[in-house]
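A.B. asks: Prediction below, plus the sequence it came from.
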Amino acid sequence: MDEIDWLYPFGCLPPSNENEWLNLKSFVDIYNSIHSTHYILESFPENDNRTTPEPEILLRDGDARMVIERKAFSWTSDYIRHHQLWHEFNNRFTEQVISSFSDDVYVLEINSIDIPTNKRKVIRLVNEIAISVLEHEAWIKNSEGICTDEAPFWSFFRIPEIDREDAPIESGICYRLKNSVQFYSKQEIRDLSPQIKSQVAKLIERAAPKFDKYRDCIKILILELHTNVLNFPIKSLSQIIQTIDVPECIDQIWIGGQVELNDGESVLDYELAVNNSIFGDLW
């Protein structure tokens with residue numbers, strides 16, 4: 001496969017592992033296409049055996065076997081946790097006010113820095129905003145909406161007709177987390193490389209025991225980068241991983257990311273970062 005320059009990180013939460021095959025089927029399809037193999041799902045070792053570390057899926061192609069473990073890498077380390085609280089905020093606010101604001105399209109905007117760092121405070125803030133929005137329902141529906149002039153900074157308003165075509169929904173409530181996106185310069189990425197390397201190395205070390213029982217298999221670790229740094233290059237992460245002393249029990253490390261299509265949709269794709277396989281030339 002050619003080097004992927006247009007692979008970019010995930011900006012939302014990693015998918016749950018309730019059905020890991022749904023999360024990893026796209027990778028297996030791509031792997032089979034590249035290598036002309038026919039790996040199919042055989043079992044879910046992690047679900048079948050909770051007493052010892054196990055990989056998430058086991059696949060078979062005739063006598064050949066492959067195991068895969070998927071890990072989410074969060075940069076910064078609290079990004080996923082903060083984003084989970086953002087979804088908690090959205091869901092709870094919708095539950096409280098949707099019955100009064102389902103007649104049109106409305107937007108709640110709030111600064112990223114004003115989202116609390118724990119669930120209890122998120123619930124408290126949601127309740128405060130919901131009470132204020134409901135108290136001003138008539139004003140919101142007949143004006144430009146309401147907003148605060150001190151922290152926490154938020155606003156709630158009806159989307160103007162001129163902007164309605166860009167709304168992601170036809171009715172209900174949209175959410176905008178302001179000032180949440182970051183951009184790193186090349187120098188900033190270089191300066192942060194030691195910290196990133198340390199965190200990724202720990203993630204790889206934690207994953208290694210999953211493969212101990214599968215020495216006769218191809219053992220693949222997939223890392224998914226989740227960040228709000230939109231220009232964090234997958235290539236830089238790949239280069240950092242290549243400087244890590246990867247345990248012998250891991251044959252390959254792939255980085256999962258997204259490719260944006262012309263119609264604005266995105267699909268999953270993967271870049272090979274490390275290949276220490278003893279099963280012949282797999283690349």
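C.D. replies: Thanks, I have it.
A.B. asks: Run through the helices of the stretch 51-200 of the chain in chain order.
C.D. replies: 79-97, 119-135, 137-141, 186-207 (DSSP state H, counting those that start in this stretch).
A.B. asks: And the longest one, what does it pack against?
C.D. replies: In this structure, helix 186-207 makes packing contacts with strand 64-75, strand 218-227, helix 234-241, judged by 3 or more C-beta pairs under 8 Å, 6 or more residues apart in numbering; DSSP states H and E. Bear in mind the C-beta positions are built from the backbone N, C-alpha and C, glycine included.
A.B. asks: Find the nearest non-adjacent residue to E46, please.
C.D. replies: E54 (4.5 Å; C-beta to C-beta, 6 or more residues apart in numbering).
A.B. asks: Look at the one you found and say how many residues are nearby.
C.D. replies: 23 (other C-beta atoms under 10 Å).
A.B. asks: isn't it right up against I68?
C.D. replies: No: the criterion here is C-beta atoms under 8 Å, and E54 misses it with I68 at 11.3 Å.
A.B. asks: which one of the helices of the stretch 51-200 of the chain lies closest to S266?
C.D. replies: helix 79-97 (17.0 Å; C-beta to C-beta).
A.B. asks: mean confidence score for that closest one?
C.D. replies: Computed over helix 79-97, the mean pLDDT rounds to 96.
A.B. asks: The closest residue to P53 other than its chain neighbours: how many residues sit nearby?
C.D. replies: Sequence neighbours aside, P209 is the residue nearest to P53 in space, at 4.1 Å (criterion: C-beta to C-beta, 6+ apart). By other C-beta under 10 Å, 14 other residues sit near P209.
A.B. asks: same thing with W139?
C.D. replies: W139: 11 surrounding residues under other C-beta under 10 Å.
A.B. asks: do the same with the one 4 residues further on
C.D. replies: The burial count assigned to S143 is 11, neighbours taken as other C-beta under 10 Å.
A.B. asks: cool, the one 4 residues further on as well?
C.D. replies: Residue neighbour count, defined by other C-beta under 10 Å, stands at 11 for C147.
A.B. asks: Pairing-wise in the sheet, spell out the partners of it.
C.D. replies: Beta-bridge partners for C147, by DSSP bridges, are S155.
A.B. asks: is it true that it touches I140?
C.D. replies: No: using C-beta under 8 Å, C147 is not in contact with I140, being 10.6 Å away.
A.B. asks: residues touching E109, list them.
C.D. replies: By C-beta atoms under 8 Å, 6 or more residues apart in numbering, E109 lies in contact with 154-156, 175-176, 178.
A.B. asks: For it, which non-adjacent residue is closest in space?
C.D. replies: R176 (4.4 Å).
A.B. asks: my guess is the one you found meets V107, correct?
C.D. replies: Yes: if you go by C-beta under 8 Å, R176 and V107 touch, sitting 6.0 Å apart.
A.B. asks: The two - which one has more neighbours?
C.D. replies: Each of R176 and V107 has its neighbours counted (other C-beta under 10 Å); V107 has more, 16 against 12.
A.B. asks: Now do the spatially closest residue to that one that is not a sequence neighbour: how many residues are near it, please.
C.D. replies: Nearest residue to V107 in three dimensions, chain neighbours excluded: C174, at 4.8 Å (C-beta to C-beta, 6+ apart). When neighbours are counted by other C-beta under 10 Å, C174 registers 14.
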